[in-house]
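# Need coordinates for the below:
(one chain, ligands or ions: 2)
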Amino acid sequence: MAARQEQEPASTDVVEVAPDILRMQLPISLPGLGHVNTYALCDERGVAVVDPGLPGKASWNALVDRLGQAGYRVSDVHTVIVTHSHPDHFGGAGLLRHKAGAKVVTHRAFRTWLDPDEGDDAGPDEIDDRPDGEHEAGAHDHEAEGPRSTPWNREMPWKAGTFRPPLKRRMQFRAGKILGQRWMRAPEPSHRVDDADVLTFAGREWVAVHTPGHTADHLCLYSPADGIVLSGDHVLPTITPHISGLVSGHDPLTEFFGSLDRIGSLEGTTLALPAHGHPFTDVPGRCAEIRTHHEERLETLREAARGLGEASVVELSKHLFKPRSWGQMAESETYAHLEHLRMSGEMVSRRVDEDLHYQLVEPA
Ligand SMILES: [Zn+2]
Ligand SMILES: [Zn+2]
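Ligands and ions are numbered 1, 2, ... in the order given. Just a heads-up that it's a prediction; the model follows:
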């Protein structure tokens, strides 16, 4: 199968994708992802950058190079917009704030375990999903730590959701001891926005659109004047973002559907600028496709449950994912789908020893 556009290695080219908006690509190497798009929004004040890449020297040097090609120095960066709390998006934010005095804009709910108040989310990006049902889940080098376990009694991967590294490790990160003080600073937001807030960059007004699902703090920006959407990981051209079930207290898949409907129903969209892959034009069409993909996954689970009767999360995950993807991320996404079916009244769950089993509700 040909490599997907999200997997392409970072090009050094800087391309103007819309008036005063530049696409710059920074290198990342995560399952299914070869680059992250950092957009530069240019105006008379200098430049606002969206999602300035991973923490670390290679990404920083690439960012300085791309800015330089566009005629900017680091000190020209007046604002950093971070779409959500994954490191390939927030990595350069702290350093830009430190070196350029840039404002760091996030959604109100933005949280990482780098926060001084010990927030409880954010591992590296977990995009693993493919529209044709081929998944890369489980390819991460999970660093499972501590005794905490998932609801289906598997060791909790700290990268997948609610679990955090131990305090000592978080302190080391905060002190810059792991990646080096020069290259890593916690992405402290200076400006937390709410849904419908309006910001001005690149000579346009942008409306903040809160789009929870992939993460609880995901933020898209929409320019009503020309229909451009900065879509982050929420709407990507050929892959779909990982939906983790390991988020307490709500139904992330329902939230994700709501967020897809919001972006899909924005008036007059002309161009989506995603965080990975190429810009694309049919925003409502892509939102509908991603939703259909998950509806099909739900149907696959219903069918599996019809055949199996009562079954565990792990067992059901093996019906949803191919063997090369089996593991914690596949289970986490399966769990999100099962909980969605449970909360909509189609399934029931019960504890069997330490494990969690699901079955369809029998029609009366
Ligand atoms: Zn992400
Ligand atoms: Zn990403």
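
# For T83, see how far away the residue of the stretch 201-350 of the chain found nearest ligand 2 is.
Nearest to ligand 2 in the stretch 201-350 of the chain, going by CB to the ion, is D233, at a distance of 4.2 Å. Every C-beta, even on glycine, is put in place using the N, C-alpha and C of the backbone. Look at D233 and T83: by CB to CB, to the nearest Å, they are 7 Å apart.

# Look up the residues that both of those two are in contact with.
By CB atoms under 8 Å, 6 or more residues apart in numbering, D233 and T83 have these common neighbours: 89, 218, 275.

# Select from these every entry located in helices.
If you go by DSSP state H, the shared contacts of D233 and T83 have H89 in helices.

# could the shared contacts of D233 and T83 be laid out in a markdown table, adding pLDDT, distance to ligand 1 and neighbour count?
Converted to a markdown table, the shared contacts of D233 and T83 look like this (pLDDT from 0 to 100; distance: CB to the ion, whole Å; neighbours: other CB atoms under 10 Å):
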| residue | pLDDT | distance to ligand 1 | neighbour count |
| --- | --- | --- | --- |
| H89 | 96 | 6 | 29 |
| H218 | 97 | 8 | 27 |
| A275 | 98 | 7 | 28 |
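
# restrict the shared contacts of D233 and T83 to contacts with ligand 2.
Filtering those for neighbours of ligand 2 using CB under 5 Å from the ion leaves A275.

# out of the shared contacts of D233 and T83, who's nearest S190?
Proximity of the shared contacts of D233 and T83 to S190 was ranked by CB to CB; the top entry is H89 with 16.4 Å.

# Spit out the contact partners of that closest one.
Contact analysis of H89 by CB under 8 Å, 6+ apart lists 36, 51, 53, 82-83, 125, 232-233, 275.

# which stretches of the protein aren't confidently modelled?
The model of the chain has pLDDT under 70 over residues 1-2, 113-148, 156-184, 248-249, 363-364.

# Select the longest helix from it.
Identified as the longest helix of the chain according to DSSP H is helix 283-308.

# Can you list the buried residues in it?
By neighbour count on 16 or more other CB atoms under 10 Å, the buried set for helix 283-308 is 283, 286-287, 289-291, 293-294, 297-298, 300-301, 304-305, 308.

# In terms of secondary structure, what does it contact?
If you count contacts as 3 or more CB pairs under 8 Å, 6 or more residues apart in numbering; DSSP states H and E, helix 283-308 packs onto helix 252-264, strand 271-274, helix 313-320, helix 328-343, strand 355-360.

# Which of those sits closest to ligand 1?
Set against ligand 1 and scored by CB to the ion, the helices and strands packed on helix 283-308 come closest in strand 271-274, at 11.1 Å.
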